[in-house]
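*Asks:* Turn this into a structure:
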Amino acid sequence: MYYKYQITLKYHLIMITNLNIKTKMINNNLTLTIINIVINLIDVLLVLLPVLLSVAFMTIIERKQLAAHQRRVGPNTVGYYGILQPFADALKLILKETVIPSQANKVLFYLAPIATLIFSLLGWGIVPFGSGITISDYSMGILYTLALSSLGVYGILFAGWSANSKYAFLGSLRSSASMISYELILSSAILIVIILTGSFNFTTIIESQQAVWFIVPLLPVFIFYFISILAETSRTPFDLQEAESELVAGFFTEHSSIIFVFFFLSEYSSIVLFSCITSILFLGGYNAPELLVNETFINLQSIILGVKTCLFCFLFVWVRATLPRLRYDQLIEFCWLNLLPVAVAFIILVPCILVAFDVAPY
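*Replies:* From the prediction side, this is the model:
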């Protein structure tokens, strides 16, 4: 009897020991999971905070640059040389009353600007800011970016439809039509870069430009690519949905206060994102020119990428200050009758040249 109780006691002790070990393992795994979540959140914040700050300063730079083009001063009161003007504007908009039309779909009215901002910020998750400096080095990064840019159309459509306003609805239809049309040109230009490198990964594309940047052999491709991103971001001369004389303010005519700020942030975040992606695809990303490559420049990769991004942001504003707005029919015809045949011709021509000179990466 005593022997039987002794065996039972040993069995229970073994069970308790195993249970303690499993509990410790679960606690350790839970701790590791929490640590990984915290690290990922810190990574996201380290990317998003500079992006949002760059968007804020992009607005003041645009206003200053437009003022210089028009020979006037521009904002110069709030802060040193007007540098705090974006924060004053944001505070003013946030403190305003949120007015919702009585016949609006309130759920979509609120969700549309939030969704548009989220889609514009998600694209930063795969941007390589330097060698090994990225949130996610996704192998299909280009497809991910194109998918997000396509999803942004839904936020604009919902914003125009949910407001129950003819001006907002017509503005959203115009914006959606131009974005869908020029998405084809944008995809064609990026496809040519993919053919040249044999990869959908941004890091691989950057490494392929160590000898020569793609803007040199693909200058015509870069030109119609840049035209397409102007249309994708609804910038002049393709800002038909914001034609004040026809549609007041376009698809966000009825939006005000903080929900208008979301649309504003998403537009300028998309401009900075596409400027960054353009520098990756055509200007070698974080690579310095070959003549300047040394240990110092390798340590300044993020700054090099930032300078190239600022260059394209400057081009966005320069185009706005220079060109008039196109008519809606001219916008669509220019895409389908002029740019599309050129894009298709280059899609056929580039692989033929690569195969003829036996330099294809596949």
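*Asks:* residues near the nearest residue to Ala88 once chain neighbours are set aside, how many?
*Replies:* What sits nearest to Ala88 in space, not counting adjacent residues and going by CB to CB, 6 or more residues apart in numbering, is Val78, at 4.6 Å. For the C-beta atoms, the positions are set from N, CA and C on the backbone; glycine is no exception. By other CB atoms under 10 Å, 15 other residues sit near Val78.
*Asks:* so how far is Ser257 from Val78?
*Replies:* 20 Å (CB to CB, to the nearest Å).
*Asks:* same deal with Ile190?
*Replies:* Counting by CB to CB - Ile190 and Ser257 are separated by 37 Å.
*Asks:* Looking at the two, which is more packed in?
*Replies:* Taking neighbours as other CB under 10 Å, Ile190 and Ser257 compare with Ile190 leading, 21 against 15.
*Asks:* In this protein, where is pLDDT below threshold?
*Replies:* Within the chain, the stretches with pLDDT under 70 are 1-30, 241-250, 290-299, 362.
*Asks:* Try it again at 50.
*Replies:* 1-7, 9-13, 19 (pLDDT under 50).
*Asks:* And for the residue most central in space within it, nearest residue in space, chain neighbours not counted?
*Replies:* The residue lying closest to the centre of the chain (CA atoms, centre = their mean) is Leu273, at 3.6 Å. Using CB to CB, 6+ apart and skipping the chain neighbours, the partner closest in space to Leu273 is Gly123 (5.0 Å).
*Asks:* Measure how buried the one you found is and give me the count.
*Replies:* Applying other CB under 10 Å, we find 23 residues neighbouring Gly123.
*Asks:* doesn't Leu148 make contact with it?
*Replies:* Yes: assessed by CB atoms under 8 Å, Gly123 is found in contact with Leu148 at 5.1 Å.
*Asks:* Measure how buried the nearest residue to Leu283 once chain neighbours are set aside is and give me the count.
*Replies:* Nearest residue to Leu283, sequence neighbours excluded (CB to CB, 6+ apart): Lys308, at 4.9 Å. Number of residues near Lys308 (other CB under 10 Å) recorded here: 22.
*Asks:* Does Lys308 belong to a helix, a strand or coil?
*Replies:* Three-state assignment for Lys308 (DSSP: H, G, I helix; E, B strand; the rest coil): helix.
*Asks:* Distance-wise, check it relative to Ala288.
*Replies:* Distance, Lys308 to Ala288, using CB to CB: 10 Å.
*Asks:* do Tyr225 as well
*Replies:* Relative to Ala288, Tyr225 is positioned 22 Å away (CB to CB).
*Asks:* who's more crowded, these two?
*Replies:* Counting neighbours by other CB under 10 Å for Tyr225 and for Ala288 shows that Tyr225 has the greater number, 26 against 18.
*Asks:* What strand or helix carries the closest residue to Phe334 other than its chain neighbours?
*Replies:* In space, and not counting its chain neighbours, Phe334 is closest to Leu326: 7.1 Å by CB to CB, 6+ apart. Applying DSSP states H and E as the criterion places Leu326 outside every helix and strand.
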